[in-house]
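Visitor: got a predicted model here, sequence first, then my questions.
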Amino acid sequence: MTRTLIVGSGFVGRAVAARLAAAGDRPVLASRRPPAGPAGPWVPLDWVPLDAADADACARTVDRVRPDRLVLVHGPSDVTWCEANPEHAAALHTAAAANLTAAAPGLRTVLVSTDNVFDGTSPHNDESTPTAPANAYGRAKLRAERVVRAAPDTTVLRVSLVYGWEPPESGKWLNFFSSCAHRLRAGDTVEAPDDQWTTPVLVDDVAAVTAAALTAGTPPLLHLGGPDRISRAAWAQAVADGLGLPRSRVRPVPRAAGRYASRPANTCLTSDRLDTLLAAHGLRVRGVAEGVRTLLEAAP
């Protein structure tokens, strides 16, 4: 049985673990704190505590778990927090990447990175687009990318904005889809930028592509963006459509007016390599309308 150590047990890390477990793998999640479930802290059978900024702790964890593969999806990922703490954010991202690749030399490794490594001036960023981070989160991730790409048998998987279902009591800032869905259901009006564009990706599709990227022969750099380039305001309106609510419940605003001020205007990814990987593994990436419909049909 293949064992995969997943460093980071947040929204994406848990989805990757579920995907690998369903395929017969034995994933092990590692993070400072236990993964949070709908009712609070949740400790799965295969979870180990880890401060990835501690080199000795990383070495001990790798020795204990003895993984065959490694997925790095560690944080901090809160763009606003990173902007307020740029040096700390960069140190945490870089240290974790360096410590884990040093503790597991030569192990097949995938780092989940971000579209924030680009400055947002272009609506199309493929693997050949020069990086130019517009914020501290993007700069921190780019430093981690460079560490990982210097190690053998690694892939940096840059992912656009991830969304999926999260319950309102999750105890943190919810992903954009869930935040909109819960607020619209509660009768609120949602304010969303009409000048901040993204290529959203359903979390289950991110997990599937991450699992596929663990296989041999995957390019060292790969972009994963959804097929739709859409503003956050239009995306919130698509959620309202899915709930059968009027689009007037969404109020378009400039990104500078709220918490998205530090995001690039375009957090969009395209790829000239992804289709080959998708075809090899029988995968596809769903668009926003299908993703919203899928999530709302399954929602409690």
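Guide: Arrived safely.
Visitor: quick one: the helices in this structure?
Guide: 11-22, 55-65, 79-84, 86-103, 136-149, 176-185, 203-213, 232-243, 274-281, 288-298 (DSSP state H).
Visitor: what does the fourth one contact?
Guide: Okay, so that is helix 86-103. Contact with helix 86-103 is made by 7, 52-55, 58-59, 61-62, 70, 72, 74-76, 81-82, 109, 111, 136-137, 139-141, 143-145, 147-148, 150-151, 154, as judged by CB atoms under 8 Å, 6 or more residues apart in numbering. From N, CA and C alone the C-beta is placed, and that goes for glycine too.
Visitor: follow-up on the earlier one: in CSV: the helices of the chain, plus mean pLDDT, mean neighbour count and distance to Glu191.
Guide: As requested, these are exported to CSV (pLDDT from 0 to 100; neighbours: other CB atoms under 10 Å; distance: least, CB to CB, whole Å):
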stretch, mean pLDDT, mean neighbour count, distance to Glu191
helix 11-22, 94, 21, 23
helix 55-65, 98, 17, 41
helix 79-84, 90, 17, 16
helix 86-103, 96, 20, 27
helix 136-149, 97, 22, 22
helix 176-185, 95, 21, 10
helix 203-213, 98, 23, 24
helix 232-243, 96, 22, 9
helix 274-281, 97, 15, 33
helix 288-298, 95, 17, 19
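Visitor: export these to CSV and tack on distance to Pro130?
Guide: Shown next, in CSV, are the helices of the chain (distance: least, CB to CB, whole Å):
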stretch, distance to Pro130
helix 11-22, 26
helix 55-65, 31
helix 79-84, 21
helix 86-103, 20
helix 136-149, 11
helix 176-185, 27
helix 203-213, 23
helix 232-243, 25
helix 274-281, 19
helix 288-298, 28
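Visitor: of those, which is nearest Pro193?
Guide: helix 232-243 (4.8 Å; CB to CB).
Visitor: which one of the helices of the chain lies closest to Gly225?
Guide: Proximity to Gly225 (CB to CB) singles out helix 274-281 among those, at 8.3 Å.
Visitor: just the pLDDT at Pro300, thanks.
Guide: Listed pLDDT for Pro300 reads 81.
Visitor: for the residue lying closest to it once chain neighbours are set aside, give its distance to Ala238.
Guide: Leaving aside its chain neighbours, Pro300 sits nearest to Pro167 (7.9 Å; criterion: CB to CB, 6 or more residues apart in numbering). From Pro167 across to Ala238, the span is 21 Å (CB to CB, to the nearest Å).
Visitor: just Thr2 next, same as before
Guide: 38 Å.
Visitor: check Pro38 and give its pLDDT.
Guide: 48.
Visitor: with Tyr260 instead?
Guide: 82.
Visitor: count the neighbours of it for me.
Guide: 21 (other CB atoms under 10 Å).
Visitor: what's the spacing between it and Leu50?
Guide: 31 Å.
Visitor: also Pro152?
Guide: 23 Å.
Visitor: neighbour count winner among the two?
Guide: Leu50 (27 against 10).
Visitor: what sits closest to that one if chain neighbours are left out?
Guide: Leaving aside its sequence neighbours, Leu50 is closest to Ala30 (3.9 Å, by CB to CB, 6+ apart).
Visitor: OK, contacts around the one you found?
Guide: Counting by CB under 8 Å, 6+ apart, Ala30 touches Leu5, Ile6, Val7, Gly8, Ser9, Trp47, Val48, Pro49, Leu50, Ala52, Thr61, Val65.
Visitor: who's it bridged to?
Guide: Beta-bridge pairing of Ala30 under DSSP bridges involves Val7, Val48.
Visitor: could you check how far it is from Phe176?
Guide: Distance, Ala30 to Phe176, by CB to CB: 27 Å.
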